[in-house]
Structure formats: structure tokens, C-alpha cells
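Undergrad: got a structure for you, letters missing:
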DNA sequence: TCGTGTTAGTTATAGGTTCTAACGCAGGTT
DNA sequence: AACCTGCGTTAGAACCTATAACTAACACGA
């Protein structure tokens, strides 16, 4: 699915088993959440006994880290694909929602409650900045009507290291952040079921926020 | 803290122990998150052996449910207190942020990743609608410049059961929802550490969103 | 004051988890 | 063909939730 399956048959077998483990892990996460992920249960379903799994993942955390990495990778891929197809901010917003609804637990794995001790490995930041780059592209393309920069925008202009070398104007920096935070706001409340009792349609709220953030 | 401690000394002792259990549970959650909450560890720290704790809480879920209820109660109380002190939307936003930063894990317990099987008990919805009522009051007070209702606003007007009997105009319904979702968006990203690498000040973004949602 | 029922605590136990250790064995490597 | 690397096994330690059975202390009515 990702690596070109190198050299030795040993390695090929190894990555194949790793992939199968991850597949079952995703199924388990989708139904019961990440906290209920059991290495034992996965091993048994694959057909091998408990500890064998530790040949492939050092521990539970490493498996989850791998899943998080894959989730980020998946989001970055769909984002980039849509962007290369010429998507504007509104379409990116829709892509984000589609990706989230496709597998809510995957969304929560990335954007949900973090476990206090855990720190993401360095290479996930590379993926997140890839996502951010796509977003900044789209925000820069969405030409804003020239207005005097807000205090927030000047602050962002002074702290723009997170945008790497991207030549986005301050208004685009602000727009990217609000895109992210507003859409995540609606999405996470919806996926967490906080709109459940209420009878309105969350997609309408999402659409309104997406429109507001795409520049009227 | 809540109940007036009724009748018998047995009951008083009982609620006292329950309260101590919850106190230790909160400490544990604050440092290691809700998923790492261990009844055994709590019992030992209190000075009694494991299973004794089951006299006070039927199981782990019931304890966590109780904590969630308390968290909701706490948020509703601070919200209502500020509202009764004449706070407008901007001050409510600040109160929300203060409450969240005070104990991030408490915030996540309420607004974080839900466990798939879990369903909140009926009486928490009463608390949430109390919070919503305060919010709707403030949104109605923030007199919007009369504009033609957006599609979202007419949709909300047609599905306003979640607002109970509150006489908020459609624009206030929309404002309450965006208040909630936008502020939650910034807050949850910040608390989850997604802004960590970036060097800008999240409180500035929050302030900007709070201002935008309070009606310029 | 003396039973009697309730309740809080105990230990023992069952079944679950992650993860380590020690071992056999087969397949790939040389 | 012989080696040896590495996969999978079982055993077991140290946790966890939760139940069962039992004891001790307390509350209260006769």
C-alpha cells in the first residue's frame, strides 16, 4: 500500500504481516475506539498467539503510533490529491468532512483527546506541515479583498515559522488557521455526538462555516 | 459541595468517601488522562483494598459518568454565575477558556473523544440545556443588525426543539452554535497540543474568534 | 439490653490485559 | 549441506476489572 516491497522474501512476509495486523487494528478501533485496542485479540484473530505480535511491534504504543502516522498520511494524500485536481477552499472543506465521516475513529485518532504522556514522533510533523502547505496554497489562491491587517494577522506575520518557507500573506495565514479550527470545531462536536439530541442538520452548519471561511 | 448532606451519619460517611474517591480520581485523570484511571490505584491510595471501592461505585463506568456529570455541572455553574453577573458573549467566551485551561483533562472528559459504546445518562442533557439556555440568553441580548436570514438560520428556525422554549430569534440560534463550535475548535486544538510546534499565541486566535462570534 | 438486619471492609478467585523470557523449529542465507 | 536468523510457541510476572464469600462493625426495634 505504501512501500515498494523491497528485497528479501523475509522482509516481504514481514511487512505483509504488519499490514494485516494494522488492518485488524483498524477494524477493532472502528468499532470500539482506540482505547479498547487489544493486541491479544488481534493476534488471536489473525491466528497466532499473543506474544508473537511483539515480533512486529515493540509494544502497543508503537502500533498506535503507526496507525496515527497512517491516518495523517491518508489525510495528507486526500488533501493533496484534491488540491492537485484544482480544488478551492470550499472543496477542501468538503474533502475534510468526507475523510472524517468515512471513519470517525480515525479522525479522533488524529484530532481527538491526546494521552498526556504521548508525544508524536518527529516525522508526523513533516506530514502535518505538508497538509498545512496545501492549505496555505489554497488560502493564498483565495484572493482576499485588501483590508488593513487585523491585530491577529500582524501577530501571525511576526510568528510565521510554522508556515515554513510558504510565501502566504498574513491574511492567508489567518484564513488557514480559522479554516482548520472552525471546521474542526463543527466536525469534532458532530462526530462526538454532541449534536445528537438537537434535530438540526450538522452538515448545514458545516457548510455555512466552510463558506464563511472560504471567503464569502 | 452539592448535596445538603441528609439524615443519617451512615449516608454522610458514604458521600464523604465517594467524594474522596472522586478527588483522587480527578488527580489521577489530570496527570494521566481518563483512560489510565485505575480503581485499584485509587483504592490503595485511599487506604482500602481494591474491591471495597465497588461498594461506592458499581463499576469503572459509573465513576467516570459521575465525574462527567460533575464536570458538566462545574461548567454550567461558572457559566451561569458569569451570566448573572451581567457577562456578555465576550466574557462568556473568556470564562469558557478559563474553565478549560484550569483543567484540560476535565475539558476532554466532556468534549473529547467519546468511547463508542458509552451513552450519557438522561440528566446530563438537562445540564447541557441549562448551559445552552445561558448561551442563548447572551446571544439574544447581543442585538444583531437586522439582516435577511441565511439558509442556515431558516433551517435552524425550522428545527429549534433543541432550544426548548427559548424565544431566541434565528440569528441568535445560529450565533449560539457558531460560538460553541468555533471556540471549541480553537480550544480543543490548543489543549490537544496541535499548535505546539507553531510559535504563535493561541490566545490571540481565540480572542479573534471570540470577537468575531460576539458580533463585531 | 439484646438480637437482627444492613453495610463496610476483608481475602480469594476468575478472566482480562501488556509484556518478558526461554525454548523449538523451519526457512532463508551462505 | 550446514548454519543461523528470526518466527512462533508456552510459561509467567505484574497489572487491571469485577464477583463471591465471609467477617466485623454498626443501627435500630423489641
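TA: Received, thanks. These figures come from a predicted structure and were not determined experimentally. Numbers count the residues shown, from 1 in each chain, chains lettered A, B, ... in the order given.

Undergrad: Stretch A:184-204: how far from the chain's middle?
TA: 19 Å (Cα atoms, centre = their mean, to the nearest Å).

Undergrad: try stretch A:154-163
TA: Taking Cα atoms, centre = their mean, one finds the center of stretch A:154-163 at 23 Å from the center of the full chain.

Undergrad: Pull out the buried residues from stretch A:166-181.
TA: Residues of stretch A:166-181 classed as buried by neighbour count (16 or more other Cβ atoms under 10 Å in any protein chain shown): A:166, A:168-181. Every C-beta, even on glycine, is put in place using the N, C-alpha and C of the backbone.

Undergrad: out of the residues you listed, who's nearest DNA strand D?
TA: residue A:181 (34.7 Å; Cβ to the nearest atom of the strand).

Undergrad: and that closest one, what does it touch?
TA: Taking Cβ atoms under 8 Å, 6 or more residues apart in numbering or on different chains, we find residue A:181 in contact with B:182, B:185-186, B:189, B:205, B:209.

Undergrad: Equivalent analysis for residue A:161, please.
TA: Residue A:161 makes contact with B:198-199 under the criterion Cβ under 8 Å, 6+ apart.

Undergrad: Quick check: residue A:100 vs DNA strand D, distance?
TA: 30 Å (Cβ to the nearest atom of the strand, to the nearest Å).

Undergrad: Mind telling me what element the residue nearest to that residue when sequence neighbours are not counted is part of?
TA: Once flanking residues are discounted, residue A:100 sits nearest to residue A:107: 4.3 Å by Cβ to Cβ, 6 or more residues apart in numbering or on different chains. Using DSSP states H and E, residue A:107 sits within helix A:104-111.

Undergrad: Okay, angle between whatever helix or strand comes next after that helix and helix A:104-111 too, please.
TA: Counting by DSSP H and E, the next helix or strand C-terminal to helix A:104-111 is helix A:122-141. Put simply, helix A:122-141 runs at 100 degrees to helix A:104-111, going by axes from the mean of the first three to the mean of the last three Cα atoms, to 10 degrees.

Undergrad: can you pull the buried residues of helix A:122-141?
TA: Under the neighbour-count criterion of 16+ other Cβ under 10 Å, helix A:122-141 has A:124, A:127-140 buried.

Undergrad: which one of those is nearest DNA strand C?
TA: Using Cβ to the nearest atom of the strand, residue A:124 comes nearest to DNA strand C of these, at 19.7 Å.

Undergrad: My understanding was that the closest one contacts residue A:71; is that so?
TA: No: between residue A:124 and residue A:71 there is no contact under Cβ atoms under 8 Å: 9.6 Å.

Undergrad: Kindly provide the whole-number mean pLDDT of the helix holding residue A:107.
TA: If you average the pLDDT over helix A:104-111, you get 98.

Undergrad: before we move on, what about stretch A:128-139?
TA: For stretch A:128-139, mean pLDDT rounds to 97.

Undergrad: I am finished for the moment; much appreciated.
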